[in-house]
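Peer 1: Pasting the sequence and the predicted model now:
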Amino acid sequence: MRTRLSLSADARDGLRDITPVMIAAAPIGGLFGAIAASKGLSVAEVALMSTLVFAGGAQFAAIELWGYPVPVAAILFSTLLVNARHVLMGASLAPKTRGFSSAQRYLGFFFLTDEAWALAERRALARTVTPAYWLACAAVLPASWIGSSIAGAALGAFLGDPKRFGADFAFTALFIGLVAGFNKGRITAATVAASGATAALAHVTLGPPWHVLAGAFAGVLAAYAAARPEST
Amino acid sequence: MRIDPATLWTILGMAAATYLTRIAGLLLADRLVLSGRGKAAFEAIPPAVLIAVIAPTALATGWPETVAAAITMVAALRLPLLATIAVGVAAVVALRAMA
């Protein structure tokens, strides 16, 4: 029976697409909460960070740097660097969200994450990304992230080492799965090889968070080199 | 409900910095008109970023993670997302047990 509360087809698609991501994000959020608590953050502080920052990579980097007194400048710099990829992602998604109002865009992009963005980009290959799709997809994900990081902070000590369950690898597997959705053959293979090798090297030599910028830059350059030059 | 003032300000700063990166692309995008190689480079941003984020875990942690990443990649080309994650996690648990 259809009621006024029934969701639009786009919203249902968004919820369907984000479900595996929410499941994969839960152990990562739990891991984050547990590590943050071990660094001295309270459950309330963990909840506040996961709600307002809502960026896993930047939060893990910040907790890695965390200490007392809080190294504010280093943490803010690291946050900017790790999240610099959002600028490229937003620029890539912006033309696909022309149907959004300004408010929908500036509120909606608060929820920009690697995962929701990758799903929206994949959808844009075949159809229009509507505000209903984006909000169902992007703005529901915090429920999993915030909830699991609170649970992790509260229970961390009792769960033991998350590596035992391979939970730390869920994030890696998720990203590999998302990349497969962009596979365009030769150019994508060149991008993946260049980005992976450069990021791993930069991680070993320069350390985090530089590997993200170095790898992304190398991958984009490789795509440029692998693509055929314009015949004008 | 303990919230330390220095922690609060750091979190607020992180939130502001992150939101800035999230909306900056909206302000820049309309100035980008691309074709050919430029377009290929722009379209490569998604996989390039995602791979860069996971490369340290996949390639610079240990052989179980690297082999599990390769298995996950093969699975990703054939299976839906949730099944891919399940294969990856199962592979890393099994390989770590062997290591």
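Peer 2: All right, it came through fine. Numbers count the residues shown, from 1 in each chain, chains lettered A, B, ... in the order given.

Peer 1: Spatially nearest residue to A:Ile75 (excluding sequence neighbours)?
Peer 2: A:Ala62 (4.8 Å; C-beta to C-beta, 6 or more residues apart in numbering or on different chains). Any C-beta I mention is one placed from the backbone N, CA and C, and that applies to glycine too.

Peer 1: isn't that neighbour right up against A:Ser78?
Peer 2: Yes - between A:Ala62 and A:Ser78 there is a contact at 6.4 Å, judged by C-beta atoms under 8 Å.

Peer 1: Which of those two has more residues huddled nearby?
Peer 2: The neighbour count for A:Ala62 versus A:Ser78, taken as other C-beta atoms under 10 Å in any protein chain shown, is higher for A:Ala62 (25 against 22).

Peer 1: just how off-centre is the helix or strand harbouring the residue nearest to A:Ile75 within its chain?
Peer 2: A:Ala62 is part of helix A:56-65, with elements assigned from DSSP states H and E. Distance of helix A:56-65 from the chain centroid (C-alpha atoms, centre = their mean, to the nearest Å) equals 13 Å.

Peer 1: Give me the residues contacting it.
Peer 2: Contacts of helix A:56-65 with the rest of the structure, by C-beta atoms under 8 Å, 6 or more residues apart in numbering or on different chains, involve A:25, A:28-29, A:32, A:35-36, A:39, A:41, A:49-50, A:53, A:71, A:74-75, A:78-79, A:82-83, A:113-114, A:145, A:171, A:208-209, A:212, B:10, B:14, B:18, B:53.

Peer 1: which among those end up buried?
Peer 2: A:25, A:28-29, A:32, A:35-36, A:41, A:49-50, A:53, A:75, A:78-79, A:82-83, A:113-114, A:145, A:171, A:208-209, A:212, B:10, B:14, B:18, B:53 (16 or more other C-beta atoms under 10 Å in any protein chain shown).

Peer 1: okay, now the closest residue to chain A within chain B: neighbour count?
Peer 2: Proximity to chain A, evaluated over chain B using C-beta to the nearest C-beta, is greatest for B:Gly25 at 2.1 Å. Using other C-beta under 10 Å, B:Gly25 has 22 other residues around it.

Peer 1: Now do the same for it: helix, strand or coil?
Peer 2: What DSSP: H, G, I helix; E, B strand; the rest coil gives for B:Gly25 is helix.

Peer 1: quick one: which helix or strand includes the nearest residue to it once chain neighbours are set aside?
Peer 2: Once flanking residues are discounted, B:Gly25 sits nearest to A:Gly90: 2.1 Å by C-beta to C-beta, 6+ apart. Secondary structure from DSSP H and E places A:Gly90 in helix A:85-93.

Peer 1: That helix vs helix A:56-65, what angle?
Peer 2: Orientation check (axes from the mean of the first three to the mean of the last three C-alpha atoms, to 10 degrees): helix A:85-93 against helix A:56-65 gives 180 degrees.

Peer 1: what comes into contact with the next helix or strand along the chain from helix A:85-93?
Peer 2: For helix A:85-93, the following helix or strand on the C-terminal side (DSSP H and E) is helix A:102-108. Helix A:102-108 is contacted by residues A:94, A:97, A:100, A:131, A:134-135, A:138-139, B:23, B:26 when judged by C-beta under 8 Å, 6+ apart.

Peer 1: For the residues you listed, work out which two are farthest apart.
Peer 2: The span of the contacts of helix A:102-108, defined through C-beta to C-beta, is set by A:Ala94 and A:Ala139 at 17.7 Å.

Peer 1: roughly how far is stretch B:45-58 from the heart of the chain?
Peer 2: Distance of stretch B:45-58 from its chain centroid, counting by C-alpha atoms, centre = their mean, is 5 Å.

Peer 1: what's the answer for stretch A:123-140, then?
Peer 2: With C-alpha atoms, centre = their mean as the basis, stretch A:123-140 stands 16 Å off its chain's centre.

Peer 1: Just the buried positions in it, please.
Peer 2: Using 16+ other C-beta under 10 Å as the test for burial, stretch A:123-140 gives A:123-124, A:129-140.

Peer 1: Please apply the same query to stretch A:82-100.
Peer 2: Judged by neighbour count using 16+ other C-beta under 10 Å, the buried positions of stretch A:82-100 are A:82-94, A:96-97, A:100.

Peer 1: what is the rounded mean pLDDT of that stretch?
Peer 2: Mean per-residue pLDDT for stretch A:82-100: 87.

Peer 1: And that stretch, end to end?
Peer 2: One end of stretch A:82-100 sits 27 Å from the other (C-alpha to C-alpha, to the nearest Å).

Peer 1: where along the chain do the helices fall?
Peer 2: Assuming you mean chain A. A:9-38, A:43-52, A:56-65, A:72-83, A:85-93, A:102-108, A:114-126, A:131-138, A:141-159, A:170-180, A:186-205, A:210-226 (DSSP state H).

Peer 1: meant chain B, my bad for not saying
Peer 2: All helices of chain B, identified by DSSP H, fall at B:5-29, B:36-43, B:45-59, B:63-76, B:81-98.
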